[in-house]
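>>> Here is my input, please return the structure:
(one chain, ligands or ions: 2)
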Amino acid sequence: MSGDQPYPVFPEGVQPLENQVAGHTFEQGTDILGLLKNLDDGSILKPAGKVLCGVREIKFYETIQAATTEKDLVPLKEFIPGYKGHLKLPIDGKPVEFIKLADLTHGMLEPCIMDVKIGCRTWDPLATPEKRKAEESKYQACKRNLGMCIPGFQVYSIVNGRRMRYGKEYGKKLTEVTVKDAFRKFLNADSGLCRQLLMQFLSDLWNIQKWARTQTTYRLYSSSVLLVYDARRLKPVLQYQTKSLNSSSAKLNNSSGNLSGTSPAHSSGSSSRPSSPTQVVPVGTDSGVEPLQHYYKIQRSHSTMNNYEEDMKAMRENYVFMRDNLVGSYESKVWASARMIDFAHAFPAEEPGTIDTNYLQGIESLVRIFEEFLKECEAQNAPKQGVA
Ligand SMILES: Nc1ncnc2c1ncn2[C@@H]1O[C@H](COP(=O)(O)OP(=O)(O)OP(=O)(O)O)[C@@H](O)[C@H]1O
Ligand SMILES: O=P(O)(O)O[C@@H]1[C@H](O)[C@H](O)[C@@H](OP(=O)(O)O)[C@H](OP(=O)(O)O)[C@H]1O
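Ligands and ions are numbered 1, 2, ... in the order given. Here you go, the predicted model:
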């Protein structure tokens with residue numbers, strides 16, 4: 001975001017979306033605004049003032065919302081954020097049109113978010129030659145080879161407890177090879193690949209892939225898949241995964257005492273790594289165990305502790321941890337998802353009966369990358385027999 005520039009005056013209860021990882025952001029002296037967050041109901045407000053784009057995106061959401069039988073449209077209801085209509089809000093006193101959407105990170109305490117732009121071609125049929133040239137010149141290596149690119153992501157690092165943000169300049173340097181490093185960073189793979197996380201993403205991605213393989217209604221240009229998960233939920237799962245792996249390896253190797261197979265995922269070690277994150281923000285720490293386990297752990301240790309201060313400190317931490325988790329995504333079993341967003345360049349298919357191969361290529365690549373991670377994760381987590 002344009003950090004040092006003053007924001008326009010927003011209505012009460014509305015503020016810039018702090019967790020926006022890509023896309024247009026506020027530019028002083030222009031009509032360009034970033035996404036906003038409505039604090040009253042937790043919804044996201046996407047500016048819809050850009051000529052044709054706003055109207056097109058509203059039409060897309062309304063068509064999907066109204067669909068009842070159309071086989072290409074009905075499944076989309078499950079793949080996109082909840083649409084809550086459109087409205088005008090006064091920005092600097094002037095009315096601006098917004099699309100109101102459900103926040104895909106709702107309830108997440110440490111939201112990790114990656115925007116993956118789908119398609120090698122990101123310009124639509126109405127693009128000027130200049131716009132086409134500008135689009136073709138960006139994210140070339142990734143788009144050409146994979147039909148997708150990464151304009152931005154943020155991750156709450158399990159290793160250092162900070163929020164790391166990677167913007168479009170990082171994304172533009174990624175290649176077919178280094179893009180996997182970006183996904184590893186996003187997945188917190190330094191702490192180990194998590195099967196449960198990969199499976200949650202894959203179950204959504206497989207559905208989108210299935211749809212894209214057959215749908216003949218739309219051409220989606222410059223549309224994205226937004227991957228989101230809560231790092232607060234990942235921590236305990238990874239700990240459990242490591243613990244059970246340790247114990248099965250120990251059982252296998254009980255004579256030698258060799259605890260093999262517990263090391264975290266290694267990066268691919270490619271040499272042309274893109275630059276470091278653009279922003280790091282420290283976040284609160286927590287104990288990294290499920291709330292009830294944490295509670296019982298403290299209860300158990302309580303009787304053996306004779307240091308009153310330590311005892312009180314542990315209880316305070318426990319209280320803060322449990323309070324945070326009660327209002328967070330612990331309510332939900334699903335703590336990671338992939339959803340399709342940004343339909344400002346959704347066009348009807350020109351040749352009826354044909355599929356959107358441009359969009360499909362990107363989705364196939366995304367699915368393949370996650371399937372490769374899943375295979376690697378299965379191999380990592382298979383208990384290993386120590387060398388005698
Ligand atoms: N429903 C949502 N829930 C949570 N975050 C969202 C949602 N929709 C968008 N975002 C955030 O806003 C960013 C930009 O969204 P989107 O691509 O729709 O905007 P845009 O300005 O049209 O982007 P572009 O400049 O690529 O066309 C996303 O990367 C994401 O961080
Ligand atoms: O990734 P970058 O470098 O930020 O590039 C922007 C990105 O491709 C946006 O999707 C696009 O908006 P549209 O999807 O609305 O075309 C914008 O075009 P614009 O500059 O013409 O707004 C580009 O500048």
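
>>> Can you give me the neighbour number for residue 128?
9 (other Cβ atoms under 10 Å). Quick note: C-beta positions are derived from backbone N, CA and C, even for glycine.

>>> should've said residue 129
8.

>>> give the contact list for the closest residue to ligand 1 within the stretch 201-350 of the chain.
Proximity of the stretch 201-350 of the chain to ligand 1 (Cβ to the nearest ligand atom) peaks at residue 342, 3.5 Å away. Residue 342 makes contacts with 23, 57, 222, 223, 224, as judged by Cβ atoms under 8 Å, 6 or more residues apart in numbering.

>>> Likewise for residue 67?
Residue 67 neighbours (Cβ under 8 Å, 6+ apart): 73, 74, 76, 77.

>>> so how far is ligand 2 from it?
24 Å (Cβ to the nearest ligand atom, to the nearest Å).

>>> Can you show me the strands along the stretch 151-300 of the chain?
162-166, 218-220, 223-230, 279-282 (DSSP state E, counting those that start in this stretch).

>>> swap that for the stretch 1-150 of the chain, sorry
For the stretch 1-150 of the chain, the strands defined by DSSP E, counting those that start in this stretch occupy 14-16, 36-38, 44-47, 83-91, 94-101, 111-118, 148-156.

>>> residues in contact with the second one?
With Cβ under 8 Å, 6+ apart as the test, strand 36-38 has contacts from 10, 13-18, 43-45, 47, 98, 100, 103.

>>> ok so, going back, return the closest of the contacts of residue 67 with respect to ligand 2.
Nearest to ligand 2 among the contacts of residue 67, counting by Cβ to the nearest ligand atom, is residue 76 at 19.4 Å.

>>> What is the burial count for the closest one?
Residues near residue 76, counting by other Cβ under 10 Å, number 22.

>>> who's in contact with it?
Neighbouring residues of residue 76 by Cβ under 8 Å, 6+ apart: 64, 67, 211, 340.

>>> Looking at the chain, which helix is longest?
Ordering each helix of the chain by length in residues (DSSP state H) puts helix 357-381 first.

>>> if you average pLDDT over that helix, what comes out?
Here helix 357-381 scores 96 as its mean pLDDT.

>>> picking that back up, let me have the strands of the stretch 1-150 of the chain in JSON lines, extended by mean neighbour count and distance to ligand 2.
JSON lines is the format used below for the strands of the stretch 1-150 of the chain (neighbours: other Cβ atoms under 10 Å; distance: least, Cβ to the nearest ligand atom, whole Å):
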{"stretch": "strand 14-16", "mean neighbour count": "16", "distance to ligand 2": "17"}
{"stretch": "strand 36-38", "mean neighbour count": "21", "distance to ligand 2": "17"}
{"stretch": "strand 44-47", "mean neighbour count": "24", "distance to ligand 2": "11"}
{"stretch": "strand 83-91", "mean neighbour count": "16", "distance to ligand 2": "17"}
{"stretch": "strand 94-101", "mean neighbour count": "18", "distance to ligand 2": "14"}
{"stretch": "strand 111-118", "mean neighbour count": "26", "distance to ligand 2": "7"}
{"stretch": "strand 148-156", "mean neighbour count": "24", "distance to ligand 2": "5"}
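
>>> Make CSV out of these and add distance to residue 244 and mean pLDDT.
Output for these, formatted as CSV (distance: least, Cβ to Cβ, whole Å; pLDDT from 0 to 100):
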stretch, distance to residue 244, mean pLDDT
strand 14-16, 42, 95
strand 36-38, 39, 98
strand 44-47, 38, 98
strand 83-91, 41, 97
strand 94-101, 39, 97
strand 111-118, 24, 98
strand 148-156, 24, 98
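
>>> For residue 177, find the nearest of the ones you listed.
Each of these has some distance to residue 177 by Cβ to Cβ; the shortest is strand 148-156, at 13.5 Å.

>>> how big is the angle separating the closest one from strand 111-118?
180 degrees (axes from the mean of the first three to the mean of the last three Cα atoms, to 10 degrees).

>>> between strand 148-156 and helix 357-381, what angle do the directions make?
40 degrees.

>>> which residues touch residue 54?
Shown in contact with residue 54 (Cβ under 8 Å, 6+ apart): 47, 48, 97, 99, 344.

>>> And the helices in the chain, which stretches?
Using DSSP H, helices in the chain cover 53-66, 76-79, 129-136, 140-146, 168-173, 179-186, 195-214, 231-252, 291-302, 308-327, 357-381.

>>> Great, nothing more from me.
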